[in-house]
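Undergrad: take this sequence and fold it.
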Amino acid sequence: RKLDIGKRAKRSTRPRDAMSDVRVSGLTIYPVKSCAGIDVDAVTVTETGFMYDRAWMLVESRKPKARRSEEEARVSSESAETDGGTPPAPPPAPKKRRAKPRASVFVTQRTEPKLALVRVKLPSEVLSPSWDGILPPDAAMTITAPGMPQALEVPLAPASPLPRCKVGVWEWEGLAGDEGSEASEWFTRYLGKTESVIRLVRWLGDGALPPAVAAPARRTASIHDLATLEHKARTRRASDPSRRARRYVLAGAMGAGA
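TA: Predicted coordinates for the structure are as follows:
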């Protein structure tokens, strides 16, 4: 059934435990990993977590540098021209094995705290529990940030398949959909990068996005499901202080007269 903030968990015949009197008082999703979140009144849980949560993220890749042999040939040529001689032929470049493309590494507030100021907005209809799953042609995610003269509009349903790129998150590596040069230039400029490029990429697997954008297996969350998720998250954070706290579900105990 659909979850609404403020509803109480349904009584059951199961033994009473610490989660029996929990009321969900707040829900937050983070469509772009490490950017500001969106407070919502209801949420759908997919096999990978909340719908729209961290469906996009930012990755960083270094700009390609000129090969050393080419640079040495250029310097040698300029030197010969200055002396009035004939530039010598550049030495043949040693054959190298073709390296596999390196994964672009994800970007977070740990290294780029300015991301906390990036605001993300999704169309209100796609966040509604009664949404029929049909996207308007112009449906887009709107991204704004201080100092950026224009908002970035990212279509929820791309007109054509997104180019694939290799990305990495901690130990995981896989393919994501590249949202294109406009989004890349926007974030690269905002973060003031000169030696690297920031790209906005989209999750391509199951979950996270609705059928109109992807093809997730989905189910509606119950209050107990969400309270249990938050309880497990709190337990993990308590056992590992290195985890950064991020609020997805705000839950509180209910009094006897609630």
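
Undergrad: strands of the stretch 51-200 of the chain, start to end?
TA: 56-62, 104-106, 119-121, 140-144, 152-155, 164-169, 172-178, 196-202 (DSSP state E, counting those that start in this stretch).

Undergrad: wait, which of those strands is closest to residue 38?
TA: strand 119-121 (6.4 Å; Cβ to Cβ). Just so you know, the C-beta spots here come from the backbone N, C-alpha and C atoms, and that holds for glycine as well.

Undergrad: avg pLDDT for that closest one?
TA: Strand 119-121 shows a mean pLDDT of 97.

Undergrad: what does it rub up against?
TA: Here strand 119-121 makes contact (Cβ atoms under 8 Å, 6 or more residues apart in numbering) with 30-32, 35-38, 141-145.

Undergrad: check which residues of that strand are buried.
TA: residue 120 (16 or more other Cβ atoms under 10 Å).

Undergrad: export the strands of the stretch 51-200 of the chain to JSON lines and tack on distance to residue 22?
TA: Converted to JSON lines, those look like this (distance: least, Cβ to Cβ, whole Å):
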{"stretch": "strand 56-62", "distance to residue 22": "30"}
{"stretch": "strand 104-106", "distance to residue 22": "32"}
{"stretch": "strand 119-121", "distance to residue 22": "28"}
{"stretch": "strand 140-144", "distance to residue 22": "31"}
{"stretch": "strand 152-155", "distance to residue 22": "35"}
{"stretch": "strand 164-169", "distance to residue 22": "30"}
{"stretch": "strand 172-178", "distance to residue 22": "31"}
{"stretch": "strand 196-202", "distance to residue 22": "33"}
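
Undergrad: which one, of the ones you listed, ends up nearest to residue 25?
TA: Ranking the strands of the stretch 51-200 of the chain by distance to residue 25, with Cβ to Cβ as the measure, places strand 119-121 first at 22.1 Å.

Undergrad: okay, now the sheet partners of that closest one, with direction.
TA: Take DSSP bridges as the rule and strand 119-121 pairs in its sheet with strand 140-144 (antiparallel).

Undergrad: dump the C-alpha coordinates for the strand it pairs with into CSV.
TA: Only the C-alpha atoms of strand 140-144 are listed here, as CSV (Å, rounded to 0.1, in the frame of the first residue of the first chain):
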residue,chain,number,x,y,z
ALA,A,140,13.0,17.1,-17.0
MET,A,141,15.0,17.2,-13.8
THR,A,142,16.0,20.8,-13.1
ILE,A,143,19.4,21.6,-11.4
THR,A,144,20.4,25.0,-10.0
